[in-house]
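Enquirer: turn this into a structure:
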Amino acid sequence: MTRVDQSAYEQGLEWHTIQPGRPMENGYVESFNGTLRAECLDVHWFATLIEAKQVIESWRLEYMTVVLTDLWENERRVSSLVRSL
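Expert: Down below sits the predicted model:
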């Protein structure tokens with residue numbers, strides 16, 4: 001048993017994993033991972049770990065701002081449509 005498994009067992013945690021070949025069991029994470037790869041990791045060459053952390057964090061903050069803003073805008077449009085019905 002690995003240390004992680006032992007620690008989870010001691011804390012009473014259960015592992016919930018995605019079945020092999022079934023990435024859509026967690027589509028949001030898979031989508032984020034693909035976007036991170038395509039828009040950040042594939043376009044930068046990191047010289048140091050510190051640089052990688054800084055660039056990735058900057059990208060993440062921008063991504064979350066854009067995604068959350070888009071979600072809020074869409075929800076607001078849907079709400080106004082529903083109220084008009």
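
Enquirer: grab the longest helix from this protein for me.
Expert: helix 49-84 (DSSP state H).

Enquirer: pLDDT of that helix, averaged?
Expert: Taken as a whole, helix 49-84 has a mean pLDDT of 83.

Enquirer: gap between that helix and the chain center?
Expert: Offset of helix 49-84 from its chain centre (Cα atoms, centre = their mean, to the nearest Å): 12 Å.

Enquirer: what residues sit buried inside it?
Expert: For helix 49-84, burial by neighbour count (16 or more other Cβ atoms under 10 Å) applies to W59. Heads up, the C-betas are built off the backbone N, CA and C, glycines and all.

Enquirer: before we move on, what about stretch 31-42?
Expert: For stretch 31-42, the neighbour count (16+ other Cβ under 10 Å) marks C40 as buried.

Enquirer: which other residues reach it?
Expert: With contact meaning Cβ atoms under 8 Å, 6 or more residues apart in numbering, stretch 31-42 is reached by V55, I56, W59, R60, Y63.
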